[in-house]
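Chemist: Next comes the sequence, and after it the predicted model I'd like to discuss.
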Amino acid sequence: MMNITLWIVGSAFAIIFGLLVTMWHSINQRFDSVDRRFEFVDRKFESVDSKLESLDNKIDAVSDSLNAKIDSVNASLITKIDVVSDSLNAKIDSVNASLTAKIEYESNRLENKIDKLDDKATDIDRRLCRLEGAFSSKDCCAIRDDRHMKKAE
């Protein structure tokens, strides 16, 4: 009778251990997925940064060219060039504002996704803790979610 009880308890622990290992692999896969998403967003930011740098270099080149031409033309051409320069600056400001808004939007979306994944991970931790607590006398279910505690403050 004692051997059967030990066998049942051992089998239960083996099943629970198998479930924990499976959950651990699932969590690792989720973190790998999040990591790949971070890498993707990072590449996007690098691309945007490169485009902005290229745009800045082009603006500098246009500005230098305009300054050289301004020195060689008469007063009426200087007035026309100033008008064109103002128009370009307005367009550049418009493009920069648009890019900044897009970057902020994507950053907020990414932050929301990270928050959701963090909530899921915390929920999984709580479930694992409850599961562990069901098989031991140790009270481990006092998981604190510092992010939520900070938001409450």
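Modeler: Cool, got the structure.
Chemist: Tell me how far Gln29 lies from Arg126.
Modeler: To Arg126, Gln29 is 20 Å away according to Cβ to Cβ, to the nearest Å. For every residue, glycine as well, the C-beta is placed using N, CA and C.
Chemist: Looking at those two now, which is surrounded by more residues?
Modeler: Arg126 (15 against 10; other Cβ atoms under 10 Å).
Chemist: does that one belong to a helix or a strand, and which?
Modeler: If you go by DSSP states H and E, Arg126 is part of helix 75-134.
Chemist: Skip the chain neighbours and tell me the closest residue to the residue nearest the centre of the chain.
Modeler: The residue lying closest to the centre of the chain (Cα atoms, centre = their mean) is Leu110, at 4.2 Å. In this structure, Leu110 finds its nearest non-sequential neighbour in Val41, 5.7 Å apart by Cβ to Cβ, 6 or more residues apart in numbering.
Chemist: In terms of helices and strands, where is that neighbour?
Modeler: helix 2-72.
Chemist: Would you mind getting the angle between that helix and helix 75-134?
Modeler: Counting by axes from the mean of the first three to the mean of the last three Cα atoms, to 10 degrees, helix 2-72 lies at 170 degrees to helix 75-134.
Chemist: quick revisit: quick one: the residue nearest to the centre of the chain and Phe40 touch, right?
Modeler: No - using Cβ atoms under 8 Å, Leu110 is not in contact with Phe40, being 9.9 Å away.
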